[in-house]
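Q: model this:
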Amino acid sequence: MSVYTVKQMAKLSGVSVRALHHYDAIGLLRPRAVGANGYRYYDRQDLLRLQQILFHRTLETPLKDIQAVLDDPRFDLAAALRAQRERLAAEAERYARLVTVVDQTLATLEGDETMDDKMLFEGFDPKKQAQHEAWLVDRYGDEAAQRIADAKAGMKTWGKKDWSHFQEEAKAIEHDLAKALSQGLPVDSEPVTAIMRRHWAWVGRSWNREPTPDAFKGLGHLYQENPEFTARYEAIAPGLTEYLAEAMRVFADKR
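A: Residues are numbered from 1 along each chain as shown. Okay, the predicted model is just below:
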């Protein structure tokens with residue numbers, strides 16, 4: 001039977017050593033054995049469990065829910081793989097449609113063919129966006145509904161460059177915050193505070209109005225509550241959801 005050290009496991013799976021340490025710390029993936037030298041050792045069963053973790057992460061399942069599923073005595077690996085295959089096949093079909101839309105749009109831009117305006121949006125999922133909005137309204141009531149309406153009203157005037165800048169800034173904020181987390185910077189440190197200033201401005205741009213401190217803290221709480229937000233941030237860096245929410249709370253309190 002093959003045995004792998006944490007570095008070998010990381011190289012084999014593409015999961016960082018830091019993430020494997022985190023999975024061990026929260027009980028999601030404990031090594032089969034720990035040597036007298038403190039080295040972690042994994043076997044094939046651990047590989048299969050890690051594969052399941054990665055499948056669930058791909059499907060945006062929060063870490064705590066993954067652990068609950070995998071630790072359930074009734075868990076059936078073969079049945080889980082069959083179900084995941086169905087979901088992945090459906091996603092692959094959707095992405096294939098998006099690739100077709102991209103190709104057709106490029107062809108239109110290059111003057112090779114014309115494209116009906118409605119086709120520009122084939123492959124996107126308006127139902128999922130509607131579900132997100134319904135979740136917010138159900139959880140936060142009329143205030144959330146008004147925020148969504150305000151945001152949509154503001155975004156109607158956005159051009160392509162506005163959207164591009166908005167998305168690039170979001171990625172930059174997430175990248176810089178994940179780096180601060182990896183460096184062990186306290187959430188009240190000046191570098192993290194500077195990132196939160198940018199996040200505060202970004203949220204204001206999204207909402208089409210400046211957030212109040214309570215609303216900013218509430219947004220951080222939403223990140224922790226909503227499985228899709230949690231999955232997004234945990235995919236960037238384990239522990240990032242809690243770090244972001246706490247940084248937002250501290251920053252809001254200072255305001």
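Q: low-confidence ranges in the stretch 101-250 of the chain?
A: By pLDDT under 70, the low-scoring segments of the stretch 101-250 of the chain are 101-148, 150-152, 154-155.
Q: make it 90
A: Counting by pLDDT under 90, the stretch 101-250 of the chain shows low-confidence ranges at 101-168, 170-171, 202-239.
Q: all strands for it, in order.
A: Counting by DSSP state E, counting those that start in this stretch, the stretch 101-250 of the chain forms no strands at all.
Q: the helices in it, which residues?
A: Using DSSP state H, counting those that start in this stretch, the helices found in the stretch 101-250 of the chain span residues 126-140, 142-155, 160-182, 190-207, 213-225, 227-236, 240-254.
Q: Need the residues that contact stretch 174-183.
A: Residues outside stretch 174-183 that contact it (CB atoms under 8 Å, 6 or more residues apart in numbering): 18, 189, 191-192, 195, 199, 233, 236-237, 239-240, 243-244, 247. Where C-beta positions appear, they are placed from N, C-alpha and C, glycine not excepted.
Q: Out of the residues you listed, which comes closest to residue 160?
A: residue 199 (23.2 Å; CB to CB).
Q: In contact with the closest one: list those residues for me.
A: Residue 199 neighbours (CB under 8 Å, 6+ apart): 173, 177, 248, 251.
Q: Pretty sure the first one sits against residue 200.
A: Translated: residue 173. No - counting by CB atoms under 8 Å, residue 173 sits too far from residue 200 to count as a contact (10.2 Å).
Q: how many neighbours does the closest residue to residue 246 other than its chain neighbours have?
A: The shortest distance from residue 246 to any non-neighbouring residue, by CB to CB, 6 or more residues apart in numbering, is to residue 187 (4.9 Å). When counting by other CB atoms under 10 Å, one arrives at 21 neighbours for residue 187.
Q: And residue 187, its phi and psi?
A: Phi and psi for residue 187, reported as degrees, to the nearest 10, are phi -70, psi -20.
Q: Over to residue 25?
A: Dihedral angles for residue 25 - degrees, to the nearest 10 - are phi -60, psi -40.
Q: So for it, what's the pLDDT?
A: For residue 25, the model assigns a pLDDT of 91.
Q: same thing with the one 10 residues further on?
A: Here, the pLDDT recorded for residue 35 equals 85.
Q: so how far is residue 6 from it?
A: Distance of residue 35 to residue 6, given as CB to CB, to the nearest Å: 11 Å.
Q: Looking at these two, which one has more neighbours?
A: Between residue 35 and residue 6, residue 6 has the larger neighbour count (other CB under 10 Å), namely 18 against 10.
Q: Quick one: neighbours of the residue lying closest to that one once chain neighbours are set aside, just the number.
A: Nearest residue to residue 6 in three dimensions, chain neighbours excluded: residue 40, at 4.6 Å (CB to CB, 6+ apart). Close neighbours of residue 40, defined as other CB under 10 Å, add up to 21.
Q: Equivalent analysis for residue 172, please.
A: When neighbours are defined as other CB under 10 Å, residue 172 has 13 of them.
Q: coming back round to it: how about the contacts made by the residue nearest to residue 246?
A: Taking CB under 8 Å, 6+ apart, one finds 243, 246-247, 250 in contact with residue 187.
Q: any idea how far it is from residue 235?
A: In terms of CB to CB, residue 187 sits 20 Å off from residue 235.
Q: got it, and residue 93?
A: 22 Å.
Q: Among the two, which residue is more densely surrounded?
A: Regarding residue 93 and residue 235, a neighbour count based on other CB under 10 Å identifies residue 235 as having more, with 13 against 10.
Q: so the more buried one sits right up against residue 57, yeah?
A: Yes - Residue 235 lies in contact with residue 57 (CB under 8 Å); the separation is 6.1 Å.
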